[in-house]
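# sequence and computational prediction follow.
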Amino acid sequence: MAAPRRSRTDGPADPRSLALLDWYDRHRRVLPWRAGPGERPDPYHVWLSEIMLQQTTVETVKPYFAKFLALWPDIRALAAAEDQAVLSAWAGLGYYARARNLIACARVVAARPGAAFPETEEGLRALPGIGAYTAAAIAAIAFGEPAVVIDGNIERVIARLEAIETPLPRARVEIAAALRPMVPPARPGDFAQALMDLGSGICRPRNPDCLLCPLRAGCKAAAEGRATAFPVKPARKGKAIRHGTAYLVRDGAGRILLGTRPAKGLLAGMAEIPNSGWAETAPPESPPVQAEWTRRNAPVIHVFTHFELRLIVAEARLSGEIPAPPGLRWVAGADLPGEPLPTLFRKVIEAV
């Protein structure tokens, strides 16, 4: 059950905050995880959406959020789910450590009295997978705590509002200091979501609609005609490039050979197409079975946070059926949707 939303009236609200909340009351986005006007937010919905939205777009998250609620409508149901079922449902959202932390966090919360989330930033930060931003967002939106919530949209809005010249990420200290006195005591969750909506729809990275902005009168960047100059970003560094080979093999029954990633590290615990591993120079050939391999000329390219991966795809078709090599398994095509295959390896399959 949703926790009661706290009502705070102590302390005056910044006039800019009042103007923003007035705008939000008229223009707020309708999102499947967001409580409507006068409704109490469900902490489970808030937490689930915030974890999913990390480094992912709203439109991408919507169907995943709906799927998770259909499968696991509350925190107890999610805590009781099998790890592989959750990883499979998560496949395609990326950043798979989030899914593993999601499972761990659900089990910790389900074991608490009433299966209730902690209501403070400090208590929330003690949970698996919840960092400073997520703790602040849940505390403000779900529990009415006057937390300072800063995501990418809010960062941009405040950097422009105050024309902060310090480059990111050092500017975040100044952004937090400028934002803190603006947080209204009575509606901190709505205020945070209003800033998110403002950054998403009006104070966009490119072509901001400054004439429609409720904060325009006090925006220093707009007054200087330099809105798109903020936030100031550090010099961009090129991504490292890694190489490897993926071995896509089908047997006589049309089954595909799959393995499982190690329990720790990148894409931990997910399913994978057998591969040579990844390195700055192409690792040695290591096909999983003896076969006649055909290599595709164009690599499958996948961009991770810190590097770009270029995988050559080698394909083989066996005439009969053989036992799977140790650590690998044959999977029928009809069963692939149930496998926790990350986007990278789905690309490999689609390439052939």
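That came through, no problem.
# hey, where'd the helices end up in the stretch 1-150 of the chain?
For the stretch 1-150 of the chain, the helices defined by DSSP state H, counting those that start in this stretch cover 15-27, 43-53, 58-71, 75-79, 83-90, 97-110, 121-125, 132-143.
# right, and these - which one's nearest A279?
Nearest to A279, of all the helices of the stretch 1-150 of the chain, is helix 97-110, at 21.6 Å by Cβ to Cβ. Heads up, the C-betas are built off the backbone N, CA and C, glycines and all.
# where does T294 fall, phi/psi-wise?
Note on T294: backbone dihedrals following degrees, to the nearest 10 are phi -110, psi 130.
# enumerate the positions of stretch 49-60 that are buried.
With burial defined by 16 or more other Cβ atoms under 10 Å, the residues of stretch 49-60 counted as buried are 49-54, 56, 58.
# could you find the closest non-adjacent residue to the residue nearest in space to the middle of the chain?
Nearest to the mean C-alpha position of the chain, counting by Cα atoms, centre = their mean, stands Q54 at 2.7 Å. Nearest in space to Q54, with sequence neighbours left out and distances taken as Cβ to Cβ, 6 or more residues apart in numbering, is R98 at 6.2 Å.
# ok, the one you found - contacts?
Contact analysis of R98 by Cβ atoms under 8 Å, 6 or more residues apart in numbering lists 51-52, 54, 90, 129.
# rerun that using 10 Å as the cut-off
Shown in contact with R98 (Cβ atoms under 10 Å, 6 or more residues apart in numbering): 51-52, 54-56, 90, 105, 129.
# any idea how far T245 is from it?
Separation of R98 from T245 (Cβ to Cβ, to the nearest Å) stands at 28 Å.
# confidence score at Y96?
For Y96, the pLDDT comes out at 88.
# distance of it from L20?
36 Å.
# between these two, who's got more neighbours?
More neighbours surround L20 than the other of Y96 and L20, with 24 against 19 (other Cβ atoms under 10 Å).
# give the contact list for G320.
Residues counted as contacts of G320 (Cβ under 10 Å, 6+ apart) are 251-253.
# next: P340.
Contacts for P340 (Cβ under 10 Å, 6+ apart) come out as 83-92, 96, 99, 260-261, 267, 269-272.
# so how many other residues sit close to the nearest residue to it once chain neighbours are set aside?
Excluding the flanking residues, the one nearest P340 by Cβ to Cβ, 6+ apart is L87, at 3.6 Å. L87 has 23 neighbouring residues, counting by other Cβ under 10 Å.
# also Y24?
For Y24, the neighbour count with other Cβ under 10 Å is 21.
# contact partners for it?
37, 187, 190-191, 193-198, 214.
# swap in E308?
Counting by Cβ under 10 Å, 6+ apart, E308 touches 238-243, 301-302.
# what's it sitting at in phi/psi?
Per-residue torsions, E308: phi -110, psi 130 (degrees, to the nearest 10).
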